[in-house]
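A.B. asks: what would the 3D arrangement of this be:
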Amino acid sequence: MNSKTKVHEWVAINDSRTKATVVTSTNKLLLEYPQMGHVFVCAILVVGIALPFSHANHEDKYLPAVKEAAEKLTPDRFVGDPVLIQSIDRINSKTYYKHLDLVNQGVAIERDISDAGEEIVVIPSKKTRRSKSDIRNRIYLVLKRTPESRKSFYVTYAYVRACLWNDDPQESIDVDGEKIFIEWDLWDDHINDAENARSLGWHKCSSSVFVTCDSKKEEDIFDYSAEVTSTFNLQVFDKGGGVAQPDVKHPEWGVNQVVKSDDEQSFTGSNGEAFNLEEPGDFLDLTMEGGETDTPDDLDFFADLDDPAGSSRSGPDISESELLNRIGWQTQDVPERLLAEMQGAFEHTPFVGFGSCPYKDLNSTDLENIKEPVEAVRFYLFALRTQCSRNHILKLLELFNKGLLTVNGDHSLSIPADNVLAKTPKLTKPEVQDFLRAFETAMFSQVYAAELLEPSVNVTAPDGAKIGRSVFTIVSMALHTMVESREAVPLHYILVIRNLLKTLKSSYVKAVQDNDRVKSCEKCNQIDKDQAFDNVISLKAVQLFITRSLSAVERGLDPYLAYEYFFKRNKNHITEEIKKQIE
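C.D. replies: Here you go, the predicted model:
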């Protein structure tokens, strides 16, 4: 991908070009953009939480297709997937599926006796507000008997969606004249796992370069109770209220089945208590009071590749929590006495980094010197400020060694078009982690490289508000990912979008922490304070845009134009709600 991804070139929207014509019928709501030549069926691809699963399967016309697709999956496609043990209670006509591990010994799923003897059990989600034939957001829990025992079952998710323009025709399935497509996902059994990422529950940190492995904070739950108009669905966001619980014994089962929408709940943690931002605490002085710290040279950087962690040279590897969980983003480690003068210190760089490793200014010469994978690893880990982590160095090198990443002509990275994982319908757990990590790294590198070679002049939100360049880069990466994932890896589209939202939520938390420090800074001017708050608005807006307007983009609407329209229409609502929560 050599074309530059920009967010700042917001096209002035006039009513004649974008005013939506709404056509309502019994089952559909259409949006027409007259001069753009698109008619969009308003569907939310990514939906909310904790959908209950139905026992009445006879009316679901997609269930046989899901079952047939599951039959074709071989056992090697379930490596790393959870396994549940089936227990049949014939006296009470019940079937139970229990966890194998010692931590979660209770019943995960309770069903009736009809499951007895079945090789594959497909449980569809109930659709309380949609017709039973509605294809949108059909989510299925699939249990498939393992070859080792008749009592053990693999468990996974299947998503049924309508086929779109670039889906492989050979992978599509015809159901009563409808072309559907099935995507597969990992089931979240919530076993205590050191790699359990907190931003989207089931996601593992191994799939992201932005989210820590051992963070235990519920930093992802920043939701809304205010009414916000959804641009392309022409619906009003729910004000909150109770969420239907799944028909299972495990309390957290099925919480994030597709993509957690940020619009149904208030700002609360998973325990229902109000989420309080962590206090800034003590910040370390910068090594150099100008903004850039001392940077190790190549020999220091690659020392960890030769010396084991804990040796006299490399020392113990930095923990994931220390690397990615420090409070703040651009204010990270900035002492109070320097906070005012450090405002704007990083506006010359596309991204200040998420990690806590020493900061280094990178320029176009550094980028153009990339010829080999090891040079790309060095460059982009410095950009992320994770270059002091042996774990991150080795993981990124491993992606090159596995053929998941390659260096492009413009020195950015990409997943090779012929990569086998991009063309494999169901990925194993290790493959999911590798694939998502590689795709996210590629998307970041493409936006970062483009901005480094040709910096955007107007770094603003769609309404002209000034935002930080690092926030600008993250928003650019989000919109770029929406396009590239649909075009390049349609088999894993939902997986990629969920992973993207995880990163956006982590970015949002860091922006909130920055805003918290800057707004209480006595020497900081109002311009700096306004920008810190607009950073928060932009990151929340792009999350909401993805969860609420993705279907329009899927059907051909330019994502930058769509985001502009969405942002301008919803900014006041988003701003009001955020002010209630963090000011």
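
A.B. asks: I figured residue 61 hits residue 175, correct?
C.D. replies: Yes - contact criterion CB atoms under 8 Å: residue 61 and residue 175 qualify, at 5.9 Å. From N, CA and C alone the C-beta is placed, and that goes for glycine too.

A.B. asks: can you map out the helices along the protein?
C.D. replies: Here the chain has its helices, by DSSP state H, at 15-18, 63-71, 298-301, 303-306, 320-324, 339-342, 364-368, 373-384, 390-401, 429-453, 469-488, 493-519, 526-554, 559-582.

A.B. asks: what about dumping the CA coordinates of the last one to PDB?
C.D. replies: Taking Å, rounded to 0.1, in the frame of the first residue of the first chain, the C-alpha atoms of helix 559-582 are listed here in PDB:
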ATOM      1  CA  PRO A 559     -14.700   6.000   5.200                       C
ATOM      2  CA  TYR A 560     -13.100   9.400   5.500                       C
ATOM      3  CA  LEU A 561     -16.300  11.200   4.200                       C
ATOM      4  CA  ALA A 562     -18.400   8.900   6.400                       C
ATOM      5  CA  TYR A 563     -16.300   9.600   9.500                       C
ATOM      6  CA  GLU A 564     -16.500  13.400   8.800                       C
ATOM      7  CA  TYR A 565     -20.200  13.300   8.500                       C
ATOM      8  CA  PHE A 566     -20.600  11.100  11.600                       C
ATOM      9  CA  PHE A 567     -18.200  13.200  13.700                       C
ATOM     10  CA  LYS A 568     -19.900  16.500  12.900                       C
ATOM     11  CA  ARG A 569     -23.300  15.100  13.500                       C
ATOM     12  CA  ASN A 570     -22.500  13.500  16.900                       C
ATOM     13  CA  LYS A 571     -19.700  15.600  18.400                       C
ATOM     14  CA  ASN A 572     -22.000  17.600  20.700                       C
ATOM     15  CA  HIS A 573     -23.600  14.500  22.100                       C
ATOM     16  CA  ILE A 574     -20.300  12.800  22.600                       C
ATOM     17  CA  THR A 575     -18.700  15.900  24.200                       C
ATOM     18  CA  GLU A 576     -21.600  16.400  26.600                       C
ATOM     19  CA  GLU A 577     -21.400  12.800  27.800                       C
ATOM     20  CA  ILE A 578     -17.600  12.700  28.200                       C
ATOM     21  CA  LYS A 579     -17.800  16.000  30.200                       C
ATOM     22  CA  LYS A 580     -20.200  14.400  32.600                       C
ATOM     23  CA  GLN A 581     -17.800  11.500  33.200                       C
ATOM     24  CA  ILE A 582     -14.200  12.900  33.200                       C
END
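
A.B. asks: next, the buried residues of it.
C.D. replies: Within helix 559-582, the residues scored as buried using 16 or more other CB atoms under 10 Å are 559-568, 570-571, 573-575, 577-578, 581-582.

A.B. asks: wait, doesn't residue 427 sit right on residue 156?
C.D. replies: No - the pair residue 427 / residue 156 is not scored as a contact, 10.5 Å apart, by CB under 8 Å.

A.B. asks: if I look at the two, which residues touch both of them?
C.D. replies: Both residue 427 and residue 156 are contacted by residue 184, under the criterion CB atoms under 8 Å, 6 or more residues apart in numbering.

A.B. asks: count of residues packed around residue 61?
C.D. replies: 14 (other CB atoms under 10 Å).

A.B. asks: can you check the one 4 residues further on too?
C.D. replies: Burial of residue 65, expressed as a neighbour count using other CB under 10 Å, amounts to 20.

A.B. asks: surely it and residue 175 touch.
C.D. replies: Yes - in this structure, residue 65 is within contact of residue 175 by CB under 8 Å, at 5.4 Å.

A.B. asks: quick one: residues contacting residue 157.
C.D. replies: Going by CB under 8 Å, 6+ apart, residue 157 touches 139, 140, 141, 142, 184, 185, 186, 187, 257.

A.B. asks: any chance of CSV for those, columns pLDDT?
C.D. replies: Shown next, in CSV, are the contacts of residue 157 (pLDDT from 0 to 100):
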residue, pLDDT
139, 85
140, 90
141, 91
142, 95
184, 93
185, 90
186, 88
187, 86
257, 28
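
A.B. asks: most neighbours among the residues you listed, which one?
C.D. replies: residue 257 leads the contacts of residue 157 on contacts (other CB under 10 Å) with 27 neighbours.

A.B. asks: low pLDDT regions in the stretch 101-250 of the chain?
C.D. replies: Applying pLDDT under 70 to the stretch 101-250 of the chain flags residues 101-105, 126-137, 164-166, 188-250.

A.B. asks: still on that earlier bit, which among the contacts of residue 157 gets closest to residue 372?
C.D. replies: residue 186 (33.3 Å; CB to CB).

A.B. asks: gap between that closest one and residue 175?
C.D. replies: From residue 186 across to residue 175, the span is 25 Å (CB to CB, to the nearest Å).

A.B. asks: before we move on, what about residue 157?
C.D. replies: Counting by CB to CB, the gap from residue 157 to residue 175 is 19 Å.

A.B. asks: thought residue 486 was touching residue 497?
C.D. replies: No - the criterion here is CB under 8 Å, and residue 486 misses it with residue 497 at 9.1 Å.

A.B. asks: is it true that residue 80 touches residue 428?
C.D. replies: Yes - between residue 80 and residue 428 there is a contact under CB under 8 Å: 5.2 Å.

A.B. asks: neighbour-wise, which of the two wins?
C.D. replies: Taking other CB under 10 Å, residue 80 and residue 428 do not tie; residue 428 has more neighbours (17 against 13).

A.B. asks: isn't that one up against residue 81?
C.D. replies: Yes - counting by CB under 8 Å, residue 81 is a contact partner of residue 428 at 7.3 Å.

A.B. asks: if I look at the residue lying closest to residue 463 once chain neighbours are set aside, how far off is residue 464?
C.D. replies: In this structure, residue 463 finds its nearest non-sequential neighbour in residue 568, 5.7 Å apart by CB to CB, 6 or more residues apart in numbering. Using CB to CB, residue 568 is found at 10 Å from residue 464.

A.B. asks: over to residue 357?
C.D. replies: Distance from residue 357 to residue 464, counting by CB to CB: 34 Å.

A.B. asks: compare the two and say which is more crowded by neighbours.
C.D. replies: Taking neighbours as other CB under 10 Å, residue 357 and residue 464 compare with residue 357 leading, 22 against 9.

A.B. asks: for the more buried one, what are its contacts?
C.D. replies: Taking CB under 8 Å, 6+ apart, we find residue 357 in contact with 318, 323, 381, 382, 385, 386, 387, 388, 389.

A.B. asks: ok, now with 7 Å
C.D. replies: Neighbour list for residue 357: 385, 386, 387, 388 [criterion: CB atoms under 7 Å, 6 or more residues apart in numbering].

A.B. asks: what's the burial count for the second one?
C.D. replies: Translated: residue 386. Residue 386 has 25 neighbours, counted by other CB under 10 Å.

A.B. asks: and for residue 89?
C.D. replies: For residue 89, the count of nearby residues is 11 (other CB under 10 Å).

A.B. asks: so what pLDDT did it get?
C.D. replies: Note for residue 89: predicted pLDDT of 93.

A.B. asks: measure it to residue 534 for me?
C.D. replies: Distance, residue 89 to residue 534, by CB to CB: 58 Å.

A.B. asks: before we move on, what about residue 552?
C.D. replies: Taking CB to CB as the measure, residue 552 falls 25 Å from residue 534.

A.B. asks: those two - which one has more neighbours?
C.D. replies: Taking neighbours as other CB under 10 Å, residue 552 and residue 534 compare with residue 552 leading, 25 against 22.

A.B. asks: does that one touch residue 562 like I think?
C.D. replies: Yes - between residue 552 and residue 562 a contact is recorded at 5.8 Å, counting by CB atoms under 7 Å.

A.B. asks: out of the contacts of residue 357, which is nearest to residue 493?
C.D. replies: In terms of CB to CB, no member of the contacts of residue 357 lies closer to residue 493 than residue 386, at 26.9 Å.
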